[in-house]
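Undergrad: Sequence and predicted structure below; questions after.
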Amino acid sequence: MAFKLKNNTGRHKFTGTFSYKNLNYEYTLYLPTLIDPERNEVIAKFGNRMQKGKICLDVNEAIVSNYLDNGDVSAYIIINEVGSDETASGTLQIYDWCSGNKQLLRNAFVWINDVCRVLGSSGVKTTVSPTGALFYFMEQLTVQNIKKSDIYLFVDTHDESNKIALKNIYNNYGFILNSLDDTTLCPSNGAGATLMAMKKPALVSDTSSINFDFLTKRTGGGKRKTRHIKRKSNRRKKTIKRH
């Protein structure tokens, strides 16, 4: 079971806007719940993401339902540039894949999983990929909410050309360390020998764009001092599918 993010609001779904590299984005954040209607929304939105006519990453409704039942996911996130129906989405899993003591939060890393970029019904692709904004959102949630200054993801190494392509992509997003070059990065690699752990270190809190204090302040689930823009309103089948 994954560790949970801190949430004192009594709610499980949050929406709002934030800015990233001079563009404005809308987000929907779900923190795990077995309660309708949010449960059904998470299953529908993350279990039916279509990319090139196929279910993205083979993560279908049954798999998402299992995520919820087993507590495998710490957060479900969808973002889009304001005015666009193209989305980038993914999950966060706070879990200890790399050491022997899986009961302590201090041993757990935050893993980005299930990342998928999906065109909307308009079929119009944004000039700037929303994936960068998705990663930024995940990083800020990590460093602000549970005070961890690193974030990780896994890359499947079975296909060498795919591994190299993904490594280069994630290098561009700041994932500059990997367990193939440095085995101490993830010593036990409990998720499987064919997976390379990649790490983005030294995350820095940036509350000027988005402030996640609303999750930890006891406000009765009401006002959220998080937006500086007025609200408009990624592979392990057993637990998590990797991108």
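TA: Great, that's in hand. Numbering: from 1, shown residues only.

Undergrad: pLDDT averaged over the biggest helix by length in the chain - what is it?
TA: The longest helix of the chain (DSSP state H) is helix 131-145. Mean pLDDT, helix 131-145: 98.

Undergrad: What lies in contact with that helix?
TA: Here helix 131-145 makes contact (Cβ atoms under 8 Å, 6 or more residues apart in numbering) with 5-6, 18, 20-21, 23, 25, 27, 29, 75, 77, 79, 81, 88-90, 92, 110, 112, 115, 117, 148-149, 151, 173-174, 200, 203-207, 209-213, 215-216. For every residue, glycine as well, the C-beta is placed using N, CA and C.

Undergrad: try it again with 6 Å
TA: 5-6, 20, 25, 79, 88, 92, 110, 112, 117, 148-149, 151, 173, 203, 205, 210, 212 (Cβ atoms under 6 Å, 6 or more residues apart in numbering).

Undergrad: which strands and helices sit next to the helix or strand of the chain with the lowest mean pLDDT?
TA: In the chain, no helix or strand scores lower on mean pLDDT, DSSP states H and E than strand 50-51, which sits at a mean of 92. For strand 50-51, there is no helix or strand it packs on, judged by 3 or more Cβ pairs under 6 Å, 6 or more residues apart in numbering; DSSP states H and E.

Undergrad: Neighbouring strands - and their directions - for it?
TA: Taking DSSP bridges as the criterion, strand 50-51 forms sheet pairs with strand 54-55 (antiparallel).

Undergrad: Show me where this protein has its helices.
TA: 38-46, 61-70, 131-145, 160-172.

Undergrad: which regions of the protein sit below the pLDDT cut-off?
TA: The model of the chain has pLDDT under 70 over residues 100-102, 189-193, 218-243.

Undergrad: so Ala75 touches Leu92, yeah?
TA: Yes: counting by Cβ atoms under 6 Å, Ala75 sits close enough to Leu92 to count as a contact (4.3 Å).

Undergrad: These two: which is more packed in?
TA: Comparing Ala75 with Leu92 by other Cβ atoms under 10 Å, the one with more neighbours is Leu92, at 27 against 23.

Undergrad: Apart from its chain neighbours, what residue comes closest to Leu119?
TA: Of all residues not flanking Leu119 in the chain, Glu86 sits nearest, at 5.3 Å (Cβ to Cβ, 6 or more residues apart in numbering).

Undergrad: and Thr216, how far is that from Ser205?
TA: Note on Thr216: its distance to Ser205, by Cβ to Cβ, to the nearest Å, is 13 Å.

Undergrad: Now Lys147, what are its backbone angles?
TA: phi 60, psi 30 (degrees, to the nearest 10).

Undergrad: can you start the count at 8 instead of 1 from here on
TA: From this message on, residue numbering opens at 8, which makes the last subject Lys154.

Undergrad: Spit out the contact partners of it.
TA: Lys154 neighbours (Cβ under 6 Å, 6+ apart): none.

Undergrad: do Phe116 as well
TA: Neighbour list for Phe116: Tyr159 [criterion: Cβ under 6 Å, 6+ apart].
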